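Chemist: Let's see this in three dimensions:
(chains A and B)
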Amino acid sequence: MVVAERKPIEEILAMVADFKKVLLVGCKGCVTVCCAGGTKEVGILASALRIARKKAGNPLEVVEHTLERQCDPEYVDQLGPMLQENGFDAVLSMACSVGPQFIAKKYPIQVFPMLNTTFIGGALEHGVWAEFCQSCGNCIIHNFGGLCPIARCSKSLMNGPCGGSANKQCEVSPEIDCIWHLIYDRMVELGQVEKLRNVFPIKDWSTSRDGGPRKIVREDLKL
Amino acid sequence: MRLDYPPNVRIVNVPCTGRVDMLHLLKAIEDGADGVYVAGCHEGECHFQNGNLKAKRRVAAVKKILEEVGLEPERVEMFHVSASDGPGFAAAARQMTERIRGLGPSPVGPMPDCDFGGSDSEQVALGV
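Modeler: Reported below is the predicted structural model:
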């Protein structure tokens, strides 16, 4: 899933400093699962903003709403009637950065991101998430025992490890496992360690960001 | 035991403090409570294993939010009191009341439809 975290409240308060009424929109997709922008987080942020502005003697009306997803136009369309009638000064989106962009594209109103979209990852345990994919557009993890050296090696080395690997840790931080240590252990476990003798060729990065913004077109799914 | 505790404390019962959500605490502050505290079981004595520890972490998270919005984090607190410890419960109520009186009324505003007969401190306690 896309993993995100809420911006500091101080930064958000500065964004809404001039407003009297805002629509805070959550998303029931990835950011609900990673507890960053679902219905509950919308409630918590809305409450925090109201407290801050009441304290400042300049109340802010925060209307809460959570969409099924903000990355599909049919759900973003549901904001139309709300935005037409209620005199909002701005929309605050608690989705990943796709959400505010979809809302901005659709409605002539200022949109602010409430989250920092951080990575594609998974939960290591309840409340802890880690990066597992960098969406390079051409998955090669089967060559490395199912582990990704692009996203999980600090240098994205495909013929690692580097000299910074020590005691299973990356030199960048003791919090980071050296993925090449894990890849080696995994290949031993699979009885395929000899495969690591093959030099992995230079990766074609044109499927990644080097090819510019990407698009997938599925003619079979078009309506 | 007929123990006295400050009359400004409004009690909200929950089956276990593990039920206490960050929003419960924030909403009380938002509505003008001068302080909110959670009275849960002692650590290691939760009937549901770790409800009180979860509450403790949520209280800490709310303290952080209050700090971010410029409100004293001391307005929210976690106390560990056994369900049968009446004197402990009364002591926690007194301790919190004294602390809140020291901090003064919440700048967020008075609680609506909440009159404790001229009391200068309004608190909500969430506890088992």
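
Chemist: Please make it C-alpha for all contacts and neighbour counts, starting now.
Modeler: OK.

Chemist: all helices for the chain, in order.
Modeler: Using chain A. Per DSSP state H, chain A carries helices over the ranges A:9-15, A:30-33, A:39-55, A:73-76, A:80-85, A:98-106, A:149-152, A:179-190.

Chemist: nope, chain B please
Modeler: With DSSP H as the definition, chain B shows helices at residue ranges B:22-30, B:51-68, B:86-103.

Chemist: Go through those helices and name the closest to A:Gln192.
Modeler: Distance to A:Gln192, taken as C-alpha to C-alpha, is lowest for helix B:51-68 among the helices of chain B, at 44.1 Å.

Chemist: Show me what the mean pLDDT comes to for the closest one.
Modeler: Regarding helix B:51-68, the rounded mean pLDDT is 97.

Chemist: Tell me the pLDDT of B:Glu122.
Modeler: Taking B:Glu122 on its own, its pLDDT is 65.

Chemist: got a list of what residue 71 touches?
Modeler: I went with chain A, as the question did not name one. A:Cys71 sits next to A:98-99, A:102 when contact means C-alpha atoms under 8 Å, 6 or more residues apart in numbering or on different chains.

Chemist: other chain: chain B
Modeler: For B:Leu71, the contacting residues are A:Ala52, by C-alpha under 8 Å, 6+ apart.

Chemist: Can you get me a residue count around residue 14?
Modeler: Unless you meant another one, I'm taking chain A. 9 (other C-alpha atoms under 10 Å in any protein chain shown).

Chemist: I was after chain B.
Modeler: Neighbourhood size, B:Val14 [other C-alpha under 10 Å]: 13.

Chemist: Return the distance of it relative to chain A.
Modeler: Distance, B:Val14 to chain A, using C-alpha to the nearest C-alpha, to the nearest Å: 19 Å.

Chemist: That residue reaches B:Leu126, doesn't it?
Modeler: Yes: using C-alpha atoms under 8 Å, B:Val14 is in contact with B:Leu126, at 6.8 Å.

Chemist: so which residue of chain B comes closest to chain A?
Modeler: Closest approach between chain B and chain A, counting by C-alpha to the nearest C-alpha: B:Val108, at 4.6 Å.

Chemist: doesn't A:Ile51 make contact with that residue?
Modeler: Yes: applying C-alpha under 8 Å, one finds B:Val108 in contact with A:Ile51, separated by 6.2 Å.

Chemist: Quickly list what's touching both of the two.
Modeler: By the contact definition C-alpha under 8 Å, 6+ apart, B:Val108 and A:Ile51 are jointly contacted by B:29-30.

Chemist: Mark which of the contacts of A:Cys71 are buried, thanks.
Modeler: Buried subset of those (neighbour count, 16 or more other C-alpha atoms under 10 Å in any protein chain shown): A:99, A:102.

Chemist: Could you report the separation of the residue of chain A found nearest chain B from B:Gly70?
Modeler: Among the residues of chain A, A:Lys55 lies closest to chain B, at 4.6 Å counting by C-alpha to the nearest C-alpha. From A:Lys55 across to B:Gly70, the span is 8 Å (C-alpha to C-alpha, to the nearest Å).

Chemist: ok, those two, which is more surrounded?
Modeler: A:Lys55 (19 against 14).

Chemist: show me the contacts for that one.
Modeler: B:107-109.

Chemist: can you check B:Leu126 too?
Modeler: Contacts of B:Leu126 (C-alpha under 8 Å, 6+ apart): B:11-14, B:17, B:20, B:36-39.

Chemist: May I have the beta-bridge partners of it?
Modeler: Note on B:Leu126: beta-bridge partners by DSSP bridges are B:Val12, B:Val38.

Chemist: Reformat the contacts of A:Lys55 into JSON lines and put pLDDT and neighbour count next to each item.
Modeler: Converted to JSON lines, these look like this (pLDDT from 0 to 100; neighbours: other C-alpha atoms under 10 Å in any protein chain shown):
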{"residue": "B:Pro107", "pLDDT": "93", "neighbour count": "17"}
{"residue": "B:Val108", "pLDDT": "92", "neighbour count": "22"}
{"residue": "B:Gly109", "pLDDT": "78", "neighbour count": "17"}
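
Chemist: Done for today, thanks.
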